[in-house]
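A.B. asks: Whatever this is, show me its structure:
(chains A and B)
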There are 2 protein chains.
Amino acid sequence: MKIAIAGAGAMGSRFGLMLHQGGNEVLLIDGWAEHVQQIKEHGLQANFNGKEVEAKLPIVLQSEVEKEDQVDLIILFTKAMQLEKMLQDIQSLIKKDTEVLCLLNGIGHEDIIEKFVPMENIYIGNTMWTAGLEGPGQVKLFGSGSVELQNLGDGKEAAAKKLADKLSESGLNAHFSDNIHYSIYRKACVNGTMNGLCTILDVNMAELGKTSTAHKMVATIVNEFAKVAAVEKIELDVPEVIAHCESCFDPETIGLHYPSMYQDLIKNHRLTEIDYINGAISRKGKKYGVATPYCDFLTELVHAKEASLNVK
Amino acid sequence: MKIAIAGAGAMGSRFGLMLHQGGNEVLLIDGWAEHVQQIKEHGLQANFNGKEVEAKLPIVLQSEVEKEDQVDLIILFTKAMQLEKMLQDIQSLIKKDTEVLCLLNGIGHEDIIEKFVPMENIYIGNTMWTAGLEGPGQVKLFGSGSVELQNLGDGKEAAAKKLADKLSESGLNAHFSDNIHYSIYRKACVNGTMNGLCTILDVNMAELGKTSTAHKMVATIVNEFAKVAAVEKIELDVPEVIAHCESCFDPETIGLHYPSMYQDLIKNHRLTEIDYINGAISRKGKKYGVATPYCDFLTELVHAKEASLNVK
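C.D. replies: Alright, predicted model coming up:
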């Protein structure tokens, strides 16, 4: 199977490496020239559960994709705001039956993808795998994870199950879900609470959890997500989702980590994905006539923080 | 006239010094032992519009007030959260006709003051004077300002005007207002926008003003203040108040300053007055059935920031 990984950062590299080791023909695609050059010259350098691995994976700059052959599957792993540009750049890889699997964080990416791919070929999902980028061409891949995915096209359940099986053959532990939008909303609640709050307050998740107001803020934000989801006939189990978000506070598990948005903005001075998490809830809320003031305000605060750090 | 300044920080010292220079018998009262000791030993050291002044003003720790004589006027200048303790400590100074003038920032202090003083002797006001504390016993007093004040007791307009005249005799430029609650709400809007937002975003007011979301945040917060004020029959001119708040963005005037809450929390690791600004609007909103989500969230964020900095 010929697979393109569109967005070969930490997580894209993990999927690319595992699918390559599983016998697939993998092409990495990325927009970061230095990263692409390093992998071209030295292969992908991965610390894979403590073992140093060097994989000679083909990689191409997204602006130079047109020389490449068409592929059977594209897995999308860009940052949310880079998705549309990536799809424009890789159009030449898409044939009539190319399947596209979107594993980005956040909500509502299918609205962009369907401009480029018929709905019947789009699959969306969620992954619990983790990965860290150590530098250009270098990743750190620890622990285990899973993938949940579902077809967006009618009558494509069998194809979705086949796609999950294909990923599992390479150890990616993928499963078909008949309610992926629930899982996506549930995961977006974690990002919609931990990411923005830790970024604005300059704290890790355990520190956030120790404040007297964290629970009120998390609960209010999750309730806004739930009100918006309900309009789409997705009924979140609000107490369960709040507890799921607050499990991130535990310093024994992941509480001492700073969420990805913190790392993007505060550590690396990069634009955040806030418009695709809390900002997506604000836009949907406006469209549906549902008030989402905490998501509105948090989105505005994060954009103000981006501006104050001169991140563009 | 025997006047006690209850809370002799920067602004209390300014009023104390000017009233002393105007021929009144002034007693400073404060809870900060080092500050009190410095003024006892060396007098109040003031840089007063560029001139070094040393004033031998009597000062007493608020816990040792009971040896002092009763006074004609008490001007309250504590931090909001120290008001009740101060009033408890200075009860022995209050005689039947002692007038109490409250010039604290924030909203609703009369609810606390009337536990100690009959409403007919309470005056509330607003000041546009500024002052800076340089260290124990040392203040910097620049520029000009004014005071607006009004009686809370029925039929006490004449007394309020007399009190304003008394302050003006010492150069304090005080005026009677027949709508002090409007002025207090208008000033609280400035504090309720600039203070919390600059503190949470770690920016000065000009930097805040340069962000694309500042106007939306300021406008939403001012609208919440206006909705609460309207229940109390105070109709804020919302566009004017928003423009007044946003005039703080101007780097040519005060835009390059960090508001007092920023200095309290971020610079000096002290608790903030958020509960008496946005938090007061949240409490009133709850009582009146008016939604105030931006004030709620901003209050929660500032308390979380206090906790994360271990400020108690």
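A.B. asks: need the residues of chain A near chain B, please.
C.D. replies: With Cβ under 8 Å from any Cβ of the partner chain as the criterion, chain A comes near chain B at residues A:197, A:200-203, A:207-208, A:210-214, A:216-217, A:220, A:291, A:293-294, A:296-301, A:303-305, A:307-308. Quick note: C-beta positions are derived from backbone N, CA and C, even for glycine.
A.B. asks: In helices only, show me those.
C.D. replies: A:197, A:200-201, A:207-208, A:210, A:214, A:216-217, A:220, A:293-294, A:296-301, A:303-305, A:307-308 (DSSP state H).
A.B. asks: which residues make contact with stretch A:76-95 from outside it?
C.D. replies: Applying Cβ atoms under 8 Å, 6 or more residues apart in numbering or on different chains, the contact partners of stretch A:76-95 are A:4-9, A:11-12, A:15, A:29, A:31, A:62-63, A:65-66, A:68-71, A:74, A:100-106, A:109, A:112-113, A:115-117, A:271, A:273, A:275-276.
A.B. asks: Buried only: go through those residues for me.
C.D. replies: If you count burial by 16 or more other Cβ atoms under 10 Å in any protein chain shown, the buried members of the contacts of stretch A:76-95 come out as A:4-9, A:11-12, A:15, A:29, A:31, A:62, A:65, A:68, A:71, A:74, A:100-106, A:109, A:112-113, A:116-117, A:271, A:273, A:275-276.
A.B. asks: For the longest strand seen in chain A, which strands pair with it and how are they oriented?
C.D. replies: For chain A, the strand reaching the highest residue count under DSSP state E is reported as strand A:94-102. Partner strands for strand A:94-102, per DSSP bridges, with pairing direction: strand A:71-76 (parallel), strand A:122-127 (parallel).
A.B. asks: With mean pLDDT and distance to A:Pro251 added, can I get these in CSV?
C.D. replies: CSV is the format used below for the strands paired with strand A:94-102 (pLDDT from 0 to 100; distance: least, Cβ to Cβ, whole Å):
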stretch, mean pLDDT, distance to A:Pro251
strand A:71-76, 98, 33
strand A:122-127, 96, 24
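A.B. asks: Go through the ones you listed and name the closest to A:His175.
C.D. replies: Distances from A:His175 to each of those were compared by Cβ to Cβ, and the smallest falls on strand A:122-127, at 9.4 Å.
A.B. asks: Show me what counts as buried in whatever helix or strand comes next after the closest one.
C.D. replies: Moving toward the C-terminus from strand A:122-127, the next helix or strand (DSSP states H and E) is strand A:132-135. Residues A:Gly132, A:Leu133 are the ones in strand A:132-135 that count as buried (16+ other Cβ under 10 Å).
A.B. asks: Give me the sheet partners of strand A:132-135 and which way each runs.
C.D. replies: For strand A:132-135, the paired strands and their directions (DSSP bridges) are strand A:138-141 (antiparallel).
A.B. asks: Pop the domain breakdown of chain A in here.
C.D. replies: If the domains of chain A are taken from the TED database, they occupy A:2-178, A:181-309, with pieces of a single domain joined by a plus sign.
A.B. asks: Can you tell me which of the ones you listed is packed in deepest?
C.D. replies: domain A:181-309 (a mean of 20; mean count of other Cβ atoms under 10 Å in any protein chain shown).
A.B. asks: Show the end-to-end separation of that one, please.
C.D. replies: Across its full length, domain A:181-309 reaches 34 Å between end residues, using Cα to Cα, to the nearest Å.
A.B. asks: roughly how far is it from the heart of the chain?
C.D. replies: What separates the centre of domain A:181-309 from the centre of its chain is 14 Å, taken as Cα atoms, centre = their mean, to the nearest Å.
A.B. asks: what mean pLDDT would you report for that domain?
C.D. replies: Averaged over domain A:181-309, pLDDT sits at 97.
A.B. asks: Look up how far chain B lies from the residue nearest to A:Glu25 when sequence neighbours are not counted.
C.D. replies: With Cβ to Cβ, 6 or more residues apart in numbering or on different chains as the measure, A:Lys2 is the residue that lies nearest to A:Glu25, at 4.6 Å, once sequence neighbours are left out. Separation of A:Lys2 from chain B (Cβ to the nearest Cβ, to the nearest Å) stands at 43 Å.
A.B. asks: Am I right that A:Lys2 is in contact with A:Glu68?
C.D. replies: No. Using Cβ atoms under 8 Å, A:Lys2 is not in contact with A:Glu68, being 9.6 Å away.
A.B. asks: Give me the common contacts of those two.
C.D. replies: Taking Cβ under 8 Å, 6+ apart as the contact criterion, the common neighbours of A:Lys2 and A:Glu68 are A:Leu27.
A.B. asks: How about the contacts made by the residue of chain A most remote from its centre?
C.D. replies: Of all residues in chain A, the one whose C-alpha sits farthest from the chain's mean C-alpha position, using Cα atoms, centre = their mean, is A:Ser212 at 30.1 Å. With contacts taken as Cβ under 8 Å, 6+ apart, A:Ser212 has the following neighbours: B:His303, B:Ala304, B:Ala307.
A.B. asks: Show the overlap between these and what lies near chain A.
C.D. replies: Contacts with chain A are made by B:His303, B:Ala304, B:Ala307 out of the contacts of A:Ser212, judged by Cβ under 8 Å from any Cβ.
A.B. asks: Give me the nearest residue to the first one, chain neighbours excluded.
C.D. replies: The one in question is B:His303. Using Cβ to Cβ, 6+ apart, the closest residue to B:His303 is A:Thr213 (4.8 Å).
A.B. asks: mind checking how far the one you found is from A:Glu232?
C.D. replies: According to Cβ to Cβ, to the nearest Å, A:Thr213 and A:Glu232 sit 29 Å apart.
A.B. asks: for A:Asn268, same thing?
C.D. replies: Counting by Cβ to Cβ, the gap from A:Asn268 to A:Glu232 is 33 Å.
A.B. asks: same question, A:Asp111
C.D. replies: Spatial separation of A:Asp111 from A:Glu232 under the definition Cβ to Cβ is 13 Å.
A.B. asks: contacting residues for the closest residue to A:Phe249 other than its chain neighbours?
C.D. replies: The spatial neighbour of A:Phe249 that comes closest, neighbours along the chain excluded (Cβ to Cβ, 6+ apart), is A:Gly209 at 2.7 Å. Applying Cβ under 8 Å, 6+ apart, we find A:Gly209 in contact with A:Glu246, A:Cys248, A:Phe249, A:Asp250, A:Gly255.
A.B. asks: make it 7 Å
C.D. replies: Contacts of A:Gly209 were listed using Cβ atoms under 7 Å, 6 or more residues apart in numbering or on different chains, and they are A:Glu246, A:Phe249, A:Gly255.
A.B. asks: Could you list which of these belong to helices?
C.D. replies: Members of the contacts of A:Gly209 lying in helices (criterion: DSSP H): A:Glu246.
A.B. asks: how about the contacts of A:Gly209 in a markdown table, adding distance to A:Val53?
C.D. replies: Output for those, formatted as a markdown table (distance: Cβ to Cβ, whole Å):
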| residue | distance to A:Val53 |
| --- | --- |
| A:Glu246 | 36 |
| A:Phe249 | 34 |
| A:Gly255 | 29 |
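A.B. asks: with the contacts of A:Gly209 in mind, which one is nearest to chain B?
C.D. replies: Closest to chain B out of these is A:Phe249 (12.5 Å), distances taken as Cβ to the nearest Cβ.
A.B. asks: show me the contacts for the closest one.
C.D. replies: A:Met205, A:Ala206, A:Leu208, A:Gly209, A:Gly255.
A.B. asks: Tell me the spacing between the first one and A:His303.
C.D. replies: Noted for A:Met205: a distance of 22 Å to A:His303, by Cβ to Cβ.
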